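K.L.:
Give me the fold of what follows.
(one chain, ligands or ions: 1)
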Amino acid sequence: SSKVICGAPRRSAWPSSSRRLPASDRTRATRSCGSRIRKAARHLLGLINDVLDLSKIVAGKMEINTEEFHIEEVVDDARTTVTPLATEKGQDITFIMEADIPVIRSDRNKLKQILLNLLSNAVKFTPRGGSITIHARHKDDSVEIRVKDNGIGIAGENLEKIFDEFRQVDGSYTREYGGTGLGLAITRRLVNLLGGEIGVKSEIGKGTTFTVSIPEVLRGAGECNA
Ligand code: ADP
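P.N.:
Now for the predicted structure:
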């Protein structure tokens with residue numbers, strides 16, 4: 001069966017056992033192996049990009065480019081990127097933006113990366129048909145963005161650990177969800193680069209809310225290492 005072939009890691013075993021299969025099974029086996037190879041390649045590419053980002057930040061080499069922009073544009077951009085994934089899982093992403101949010105001066109691409117990481121986790125860790133809400137408001141001299149889902153949640157004892165490098169609540173080899181365990185470590189460091197803070201609240205089976213707060217005006221950009 002295709003399982004046997006894919007499960008055999010020895011190179012020499014692969015072609016010979018594949019030749020013994022009837023043609024229809026061979027096609028199925030090849031397709032299944034192909035999709036596993038593609039999945040592994042995607043995972044590796046993600047891992048490489050994450051490791052590169054993280055090492056750049058740790059080395060203090062991540063450049064910060066400040067510009068003025070509307071929060072709404074960045075949230076919309078990030079939301080548009082994850083919408084196809086959410087739609088595939090029958091989830092909606094609602095965006096509530098309070099009226100009095102000023103134009104901010106910060107690093108637009110880094111904020112987008114932060115939101116993308118949080119939103120893609122929200123989609124990933126929320127079952128089919130769930131909902132995700134993004135809420136933005138002005139608070140003191142900062143802008144606060146909350147990303148809330150009604151997904152699987154995180155146990156209290158794991159809440160601090162999820163920001164550690166390579167930390168996944170389910171770290172088993174057979175875990176259900178993909179990912180590298182670097183997303184939140186990078187997210188936290190990016191938030192720090194923007195002079196902000198990130199927090200999380202969660203309840204198992206009920207959902208998770210991440211709150212990111214970044215200053216309206218980022219000062220001294222380029223001098224700070226996360
Ligand atoms: P991963 O690549 O596994 O998504 P992250 O660093 O982004 O790595 O997240 C670390 C872990 O935190 C995840 O593996 C998951 O266990 C947990 N997690 C992150 N976001 C959520 C969420 N919205 N709901 C439930 N669990 C989450």
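
K.L.:
Can you report how many residues lie near Phe210?
P.N.:
Other residues near Phe210 come to 25 when the count uses other CB atoms under 10 Å. All C-beta atoms are positioned from the backbone trio N, CA, C, and that covers glycine.

K.L.:
So it belongs to a strand, correct?
P.N.:
Yes: with DSSP: H, G, I helix; E, B strand; the rest coil as the criterion, Phe210 is located in a strand.

K.L.:
Now do the contacts for it.
P.N.:
Contact analysis of Phe210 by CB atoms under 8 Å, 6 or more residues apart in numbering lists 118, 146-148, 198-200.

K.L.:
The helix ranked longest in the chain: which residues count as buried?
P.N.:
The residue-count maximum for a helix in the chain (DSSP state H) belongs to helix 23-58. Using 16 or more other CB atoms under 10 Å as the test for burial, helix 23-58 gives 29, 50, 53-54, 57.

K.L.:
Over to stretch 147-161?
P.N.:
Those buried within stretch 147-161 under the rule 16+ other CB under 10 Å are 147-154.

K.L.:
picking up where we left off before, and the buried residues of helix 23-58, which is closest to the ligand?
P.N.:
Nearest to the ligand out of these is Asp50 (CB to the nearest ligand atom; 8.0 Å).

K.L.:
so what's that closest one scoring on pLDDT?
P.N.:
Note for Asp50: predicted pLDDT of 86.

K.L.:
For Lys124, see how far away the nearest residue to Thr180 once chain neighbours are set aside is.
P.N.:
Nearest residue to Thr180, sequence neighbours excluded (CB to CB, 6 or more residues apart in numbering): Leu47, at 4.7 Å. Counting by CB to CB, to the nearest Å, the gap between Leu47 and Lys124 amounts to 16 Å.

K.L.:
same question, Asp92
P.N.:
For Asp92, the distance to Lys124 (CB to CB) stands at 16 Å.

K.L.:
Find the centremost residue of this structure, please.
P.N.:
By CA atoms, centre = their mean, the mean C-alpha position of the chain lies nearest to Asn117, the distance being 3.1 Å.

K.L.:
Mind telling me what element it is part of?
P.N.:
Remark: Asn117 resides in helix 108-124, with elements defined by DSSP states H and E.

K.L.:
who in the chain is up against the ligand?
P.N.:
Contacts of the chain with the ligand, taken as CB under 6 Å from any ligand atom, map to 121-122, 125, 149, 151-154, 162, 167-169, 179-185, 208.

K.L.:
now with 5 Å?
P.N.:
The chain has residues 121-122, 125, 151, 154, 162, 168-169, 179-181, 183-184, 208 near the ligand, with proximity defined as CB under 5 Å from any ligand atom.

K.L.:
Of these, which is the most crowded?
P.N.:
Ala122 (27 neighbours).

K.L.:
Show me the beta-bridge partners of the residue nearest to that one when sequence neighbours are not counted.
P.N.:
The shortest distance from Ala122 to any non-neighbouring residue, by CB to CB, 6+ apart, is to Asp149 (4.0 Å). Beta-bridge pairing for Asp149 (DSSP bridges): Ile132, Thr208.
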